[in-house]
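In: Sequence and predicted model, in that order:
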Amino acid sequence: MMTTSGGIILAGGKSARMGQDKALLEVDGRSLIAQVVATVRPLVSEIVVVADVPEKYDNALGRIVADLLPGVGPVGGILTGLTALGEGSHLVVSCDMPALNVRVLQFLLEAATPEWDAVVPETAGRPEPLCAVYQHTAAPKLRAFLDTGRRAAYQALECLQTRRVDEETLRRLDPEGLGFTNLNTPEDLERFRQRKHTL
């Protein structure tokens, strides 16, 4: 049974490989972050955008909050979002995932029950911690993880009670497997633009 849920959009990365702020890049006249927010908004009660520099983002996107732990990577952003939203099951997605699949997101939210700190998809044998659902109960465990000096989001999952969703299940929901596309480089962005125009 789904509990009160919010959406956490991670917009704080350095975008070093892209060379500019990924969140504000446009595809078909709309920024990547606006596309992500538009997909997530109907599924949740509130949107929180976690940003290193909050003033860069339009308040129309949702509640913009400053990263509590800037510079430590996405785990800090997840922790910030969970702290802002409080109790419930909260969908976490990166701002550079413009092809999110609504059926997958709904499945993750519906699979979130109190015994799990996180519900995380797996593709090609690897977890997708930046497109997952986290319970508020994960917050103190993520802080303890960061206190050890580790940063990698996939390692943080080892500290949580994590339900993993296998690729076979995901393929039934997203046969094309496009939902986890993320854009890290100018080449990624150009490939995505070209694919959109051929669909």
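Out: Received it, and whenever you're ready, just let me know what you need.
In: Off-centre distance for stretch 24-41?
Out: Here stretch 24-41 is found 14 Å from its chain centre; the criterion is C-alpha atoms, centre = their mean, to the nearest Å.
In: in that stretch, what's buried?
Out: When neighbours are counted by 16 or more other C-beta atoms under 10 Å, the buried residues of stretch 24-41 are found to be 24-25, 27, 31-37, 39-40. All C-beta spots, glycine's among them, are computed from the backbone N, C-alpha and C.
In: What are the contacting residues of that stretch?
Out: For stretch 24-41, the surrounding residues in contact (C-beta atoms under 8 Å, 6 or more residues apart in numbering) are 7, 9, 11, 18, 22-23, 47, 49, 56-57, 61-62, 91, 93-98, 100, 102, 105, 183, 189, 192-193, 196.
In: Report the rounded mean pLDDT for that stretch.
Out: Average pLDDT, stretch 24-41: 92.
In: which residues does the residue nearest in space to the middle of the chain contact?
Out: For the chain, Val93 is the residue whose C-alpha lies nearest the centre (C-alpha atoms, centre = their mean; 1.3 Å). Neighbour list for Val93: 7-10, 36, 40, 100, 105, 130-131 [criterion: C-beta under 8 Å, 6+ apart].
In: out of these, which are inside strands?
Out: Among those, DSSP state E puts 7-10, 131 in strands.
In: can you redo those residues as JSON lines with pLDDT and neighbour count?
Out: JSON lines is the format used below for those (pLDDT from 0 to 100; neighbours: other C-beta atoms under 10 Å):
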{"residue": "Gly7", "pLDDT": "98", "neighbour count": "27"}
{"residue": "Ile8", "pLDDT": "98", "neighbour count": "29"}
{"residue": "Ile9", "pLDDT": "98", "neighbour count": "28"}
{"residue": "Leu10", "pLDDT": "96", "neighbour count": "28"}
{"residue": "Cys131", "pLDDT": "98", "neighbour count": "22"}
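In: Not counting its own residues, what contacts stretch 109-117?
Out: Residues outside stretch 109-117 that contact it (C-beta under 8 Å, 6+ apart) are 1-3, 5, 43-44, 89, 91, 119, 133-135, 137-138, 141, 160-163, 165.
In: Which strands and helices lie in contact with the helix or strand harbouring Gly77?
Out: Assigned by DSSP states H and E, Gly77 belongs to helix 74-85. Helices and strands touching helix 74-85, by 3 or more C-beta pairs under 8 Å, 6 or more residues apart in numbering; DSSP states H and E, are strand 5-10, strand 47-51, strand 63-66, strand 89-94, helix 138-147, helix 153-156.
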